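# Structure of the sequence below:
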Amino acid sequence: MMSRVFTRPDNWRMFFRQLPLEMEKLGLRSLGIVVIISIFIGAIMTIQTKLNTSNPLLPRYSTGLVTRDTLLLEFSSTILCLILAGKVGSNIASEIGTMRITEQIDALEIMGVNSANYLILPKIVAFVLMMPFLVIFSMTLGIVGGYGVGMFSSIITVSDFVYGIQYAFNPFYVTYSLVKSLFFAYIIASVSSYYGYFAYGGALDVGVASTNAVVHSSVIILLFNILITNIMLN
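Residues are numbered from 1 along each chain as shown. Prediction:
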């Protein structure tokens with residue numbers, strides 16, 4: 001299927017007309033869940049880290065440092081993509097699967113259109129382009145959530161938290177997270193498209209295809225997380 005997807009589009013005008021629509025549907029419409037989850041996870045990690053590391057031998061800035069590195073290394077790339085696999089992946093699989101069982105894809109093939117390229121390529125390109133922005137947005141909001149804990153509670157002071165997120169900062173962690181997000185975005189879009197494209201039967205089979213897309217995307221993301229981590233951080 002991928003060999004058919006990554007071919008020259010039959011109509012570049014249609015591709016560039018569809019691309020911004022997919023970026024808006026798959027990327028911008030995911031901002032709401034990214035905002036909510038990132039802020040609350042940043043706040044919760046700050047609270048949990050502070051309450052569970054209340055040791056006089058540990059420096060006071062360790063809470064901010066742990067929160068920052070956890071957000072940068074894992075949450076804003078891997079965990080966020082696992083969450084988006086449920087939202088975006090099921091959306092892609094159900095949309096393409098519905099087109100398959102209602103014979104819209106068959107109609108495209110009869111008209112001589114490369115249906116895989118026409119339907120799937122804009123989704124993959126759009127999601128890969130939008131994912132780094134969602135990851136950066138998540139990193140920022142997670143730190144804002146932790147900062148809010150310092151502002152509106154007595155659990156940690158703002159100065160300690162800010163010093164922690166600035167202490168020994170390694171910019172490569174951001175690069176590492178963004179590289180992972182590109183791979184994960186491709187996995188989500190391509191695997192979900194595959195299960196939707198080859199869905200046959202009725203409405204129940206579309207639901208099965210969506211479930212399979214989410215489950216298999218999540219498993220492959222976890223496997224690639226280990227692989228990329230071994231390559232980039234070893």
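
# can you give me the helices in this protein?
In the chain, the segments counted as helices under DSSP state H are 2-5, 12-22, 31-52, 62-70, 80-84, 90-101, 104-110, 115-152, 158-166, 172-197, 203-233.

# Export those helices as JSON lines, with columns for mean pLDDT and mean neighbour count.
For every residue, glycine as well, the C-beta is placed using N, CA and C. Formatted as JSON lines, the helices of the chain follow (pLDDT from 0 to 100; neighbours: other C-beta atoms under 10 Å):
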{"stretch": "helix 2-5", "mean pLDDT": "90", "mean neighbour count": "13"}
{"stretch": "helix 12-22", "mean pLDDT": "92", "mean neighbour count": "13"}
{"stretch": "helix 31-52", "mean pLDDT": "91", "mean neighbour count": "18"}
{"stretch": "helix 62-70", "mean pLDDT": "90", "mean neighbour count": "22"}
{"stretch": "helix 80-84", "mean pLDDT": "93", "mean neighbour count": "23"}
{"stretch": "helix 90-101", "mean pLDDT": "93", "mean neighbour count": "22"}
{"stretch": "helix 104-110", "mean pLDDT": "90", "mean neighbour count": "14"}
{"stretch": "helix 115-152", "mean pLDDT": "93", "mean neighbour count": "21"}
{"stretch": "helix 158-166", "mean pLDDT": "90", "mean neighbour count": "17"}
{"stretch": "helix 172-197", "mean pLDDT": "94", "mean neighbour count": "22"}
{"stretch": "helix 203-233", "mean pLDDT": "93", "mean neighbour count": "16"}
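
# what about Phe127, distance to Leu72?
Distance, Phe127 to Leu72, by C-beta to C-beta, to the nearest Å: 21 Å.

# no, scratch that, I was asking about Ile79
Taking C-beta to C-beta, one finds Ile79 at 12 Å from Leu72.

# Can you pick out the residue with more neighbours from those two?
Leu72 (25 against 17; other C-beta atoms under 10 Å).

# wait, what's in contact with the closest residue to that one other than its chain neighbours?
In space, and not counting its chain neighbours, Leu72 is closest to Tyr173: 4.3 Å by C-beta to C-beta, 6 or more residues apart in numbering. Neighbour list for Tyr173: Asp69, Leu72, Leu73 [criterion: C-beta atoms under 8 Å, 6 or more residues apart in numbering].

# tell me the contacts of the residue sitting nearest the centre point of the chain?
With distances taken as C-alpha atoms, centre = their mean, Cys81 lies nearest the centre of the chain, 2.9 Å away. For Cys81, the contact set (C-beta under 8 Å, 6+ apart) comprises Met131, Lys180, Ser181, Phe184, Ala185, Ile188, Ile221.

# gap between the second one and Ile187?
Taking C-beta to C-beta as the criterion, Lys180 is separated from Ile187 by 10 Å.

# Residues that sit against both of these two, list them.
Common neighbours of Lys180 and Ile187 (C-beta under 8 Å, 6+ apart) are Phe224.

# contacting residues around stretch 203-212?
Residues contacting stretch 203-212 (C-beta under 8 Å, 6+ apart): Gly89, Ser90, Ala93, Ser94, Gly97, Thr98, Ile101, Tyr195, Gly196, Phe198, Ala199.

# among these, which two are most distant?
Based on C-beta to C-beta, the longest span within the contacts of stretch 203-212 runs between Gly89 and Ile101 and measures 18.3 Å.

# Would you mind giving the contacts of Cys81 as CSV with distance to Ile143 added?
Shown next, in CSV, are the contacts of Cys81 (distance: C-beta to C-beta, whole Å):
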residue, distance to Ile143
Met131, 19
Lys180, 19
Ser181, 17
Phe184, 21
Ala185, 22
Ile188, 25
Ile221, 23
